[in-house]
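In: here's a sequence, model it:
(one chain, ligands or ions: 1)
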Amino acid sequence: MTRALTLLAPAKINLALAVTGKRADGYHELRSVFATIDLADRVRVAPSRSLEVRIAPDVGAPRGDDLASRAVRAMAAAAGRDAAAFVQIRKRVPVAAGLGGGSSDAGAVIRALATLWRRDDLDLMAIGATVGSDVPFFVSGARVALVSGRGEGVDPLPDPAEMHVVIVRPRERLATTDVFAALRTDDRGASASVDAVRNAFARRSVTPPLLRDNARNDLLAPAERLCPAIAQARSDAAQHGIELSLSGSGPTLFTVADDRRDALKIARALRRIGLAAHAHTMAG
Ligand code: C5P
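Out: Model (predicted):
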């Protein structure tokens with residue numbers, strides 16, 4: 001019998017993100033191309049008589065209200081079992097950063113429990129959607145996907161060859177709710193970019209320049225209004241010829257590099273001007 005499972009829960013970036021409408025329930029309709037990167041939390045899930053979630057370092061969520069605990073409860077409700085599991089999470093993905101770290105942990109918990117409980121009959125993506133908007137993408141296991149609706153529509157796209165990105169992490173945290181609340185109708189305009197990125201992946205013709213040209217995110221303007229450090233970082237980088245784009249609701253920024261050498265060079269240049277920049281691989 002399987003005693004425990006350890007999964008990697010990768011971070012994601014949003015290569016392009018368009019908000020296309022507001023729903024009656026307060027959520028927004030969006031279309032976004034999500035891609036995982038090689039920065040990941042480690043999630044270990046083991047059977048247990050009670051629910052215990054240990055997250056290190058601490059993410060500051062009220063006890064029992066973190067996304068991993070919510071994922072166990074959602075799976076238990078769907079499976080008709082007690083919400084009992086022992087979950088240990090080693091965090092490497094920064095929290096409230098726009099990288100989907102908490103959602104990815106939840107996705108890993110759902111996948112692990114489905115295996116441990118031998119439940120291949122459950123609709124894991126629908127269960128994930130009850131935990132959080134980004135969770136279905138992570139439950140899907142796709143490395144690149146067009147995500148739509150509130151986040152429940154996940155159309156996997158062909159994996160490209162390994163690509164290289166530089167991730168820049170302002171120290172601030174941003175709550176997704178606040179960024180969506182600060183969105184104005186005239187902030188919208190990234191739809192064509194989402195289509196261009198999606199089509200390039202679908203036709204297997206994606207290139208770094210295409211991704212750079214289309215790295216638009218409708219949440220950039222509201223995120224900058226709430227967090228001036230984002231605009232500052234982007235303008236400092238632009239003076240060195242580097243255009244930084246927003247991931248998710250921020251504040252994490254990224255740029256797509258031509259290759260590994262280029263990524264290391266860009267990360268060094270950004271660190272010289274005081275930004276916390278690191279080279280990562282995407283998909284591949
Ligand atoms: O689904 P999740 O709990 O991750 O969403 C956090 C917040 O982000 C929601 O409460 C909502 O304010 C906002 N949101 C939204 N539309 C989405 C996803 C999130 O308005 N598609």
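In: strands of the stretch 151-284 of the chain, start to end?
Out: For the stretch 151-284 of the chain, applying DSSP state E, counting those that start in this stretch gives strands covering 153-156, 163-168, 245-246, 253-257, 277-282.
In: now those in JSON lines, with mean pLDDT?
Out: Below are the strands of the stretch 151-284 of the chain laid out as JSON lines (pLDDT from 0 to 100):
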{"stretch": "strand 153-156", "mean pLDDT": "98"}
{"stretch": "strand 163-168", "mean pLDDT": "98"}
{"stretch": "strand 245-246", "mean pLDDT": "98"}
{"stretch": "strand 253-257", "mean pLDDT": "98"}
{"stretch": "strand 277-282", "mean pLDDT": "97"}
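In: between these, which gets nearest to residue 268?
Out: strand 277-282 (8.1 Å; Cβ to Cβ). Heads up, the C-betas are built off the backbone N, CA and C, glycines and all.
In: please name every helix or strand in contact with the closest one.
Out: strand 28-46, strand 163-168, helix 260-272 (3 or more Cβ pairs under 8 Å, 6 or more residues apart in numbering; DSSP states H and E).
In: related to what we said a few turns ago, to the ligand, which of the strands of the stretch 151-284 of the chain lies closest?
Out: Ranking the strands of the stretch 151-284 of the chain by distance to the ligand, with Cβ to the nearest ligand atom as the measure, places strand 153-156 first at 10.6 Å.
In: what residues of that closest one count as buried?
Out: Applying a neighbour-count criterion of 16 or more other Cβ atoms under 10 Å, one finds 153-154 buried in strand 153-156.
In: re the thing from before, switch the strands of the stretch 151-284 of the chain over to a markdown table; also include distance to residue 132.
Out: Shown next, in a markdown table, are those (distance: least, Cβ to Cβ, whole Å):
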| stretch | distance to residue 132 |
| --- | --- |
| strand 153-156 | 13 |
| strand 163-168 | 21 |
| strand 245-246 | 19 |
| strand 253-257 | 21 |
| strand 277-282 | 22 |
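In: most packed of the helices and strands packed on strand 277-282?
Out: strand 163-168 (a mean of 25; mean count of other Cβ atoms under 10 Å).
In: what strands line up against it, and which way round?
Out: Sheet pairing of strand 163-168 (DSSP bridges) gives strand 253-257 (antiparallel), strand 277-282 (antiparallel).
In: from the middle of its chain, how far away would it be?
Out: How far strand 163-168 lies from its chain's middle: 14 Å, per Cα atoms, centre = their mean, to the nearest Å.
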